[in-house]
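Student: Whatever this is, show me its structure:
(chains A, B and C)
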Amino acid sequence: MFFFTRYPSSTLLKTYFPDVQFNRCITSQLIKWFSNFREFYYIQMEKFARQAILEEVTDSKHLMVSRDSELFRALNMHYNKGNDFEVPDRFLEVASMTLREFFSAVRAGKDSDPSWKKPIYKIISKLDSDIPDVFKSSRCLQELLQS
DNA sequence: AGGTGTCCTG
DNA sequence: CAGGACACCT
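Tutor: Below you'll find the model as predicted:
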């Protein structure tokens, strides 16, 4: 689901787990998961952005996340270990945008500001997509089991 | 006060 | 990932 939405609301999550009785604990745990997912995501982005700068990449236009890039491998291994899901193109676009944001921010020296990542987070939070209905837990589990 | 997000830690 | 502290918002 993270491939589609990085900042899901609790209400959205609830609609995707219709067979789960949500309480404060379960809800906050799910929210926590996505928070952890984001942390990993942004850490990777910063790492590869800084690496690109060290490699003296100049044009951020050529900076993108493709399915055969190292960054994609790291992300896919983390969120989709068994390759159970086909990663949507939209995610690659968002990832590429994130990478470029980090790249230009670091290159501009904005990382001296303690809260330099906040603006990037805000941009990325606007890029969430809808989650396909296939992910609604019951059906999703069935498909995983038969594959 | 309770929900949410981040940072830091293990 | 989970736990906990902390800030921010409602």
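
Student: what about the helix or strand harbouring A:Glu46, average pLDDT?
Tutor: Assessed by DSSP states H and E, A:Glu46 sits inside helix A:24-54. What helix A:24-54 shows for mean pLDDT is 97.

Student: near DNA strand B at all, whichever helix or strand comes after it?
Tutor: Following the chain from helix A:24-54 toward its C-terminal end, the next helix or strand by DSSP H and E is helix A:70-79. No - Helix A:70-79 stays clear of DNA strand B (CB under 7 Å from any atom of the strand), getting no nearer than 13.3 Å. Where you see a C-beta, it was placed from the backbone N, CA and C, and this is true even at glycine.

Student: So for helix A:70-79, what gets flagged as buried?
Tutor: A:71-72, A:74-76, A:79 (16 or more other CB atoms under 10 Å).

Student: Make TSV out of these and add distance to DNA strand C and pLDDT.
Tutor: Listed next are the buried residues of helix A:70-79 as TSV, based on distance: CB to the nearest atom of the strand, whole Å; pLDDT from 0 to 100:
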residue	distance to DNA strand C	pLDDT
A:Leu71	18	98
A:Phe72	17	98
A:Ala74	14	98
A:Leu75	12	98
A:Asn76	13	98
A:Tyr79	7	98
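
Student: Residues of chain A that sit close to DNA strand C?
Tutor: Counting by CB under 7 Å from any atom of the strand, chain A sits next to DNA strand C at A:29, A:32-33, A:36-37, A:39-40.

Student: By neighbour count, which of the residues you listed wins?
Tutor: Neighbour counts for the residues of chain A next to DNA strand C, by other CB atoms under 10 Å, peak at A:Phe37, which reaches 16 neighbours.

Student: Quick check: the gap between it and DNA strand B.
Tutor: 9 Å (CB to the nearest atom of the strand, to the nearest Å).

Student: With A:Glu55 as the reference, measure out to that residue.
Tutor: A:Phe37 is 27 Å from A:Glu55, where distance means CB to CB, to the nearest Å.

Student: All set, thanks.
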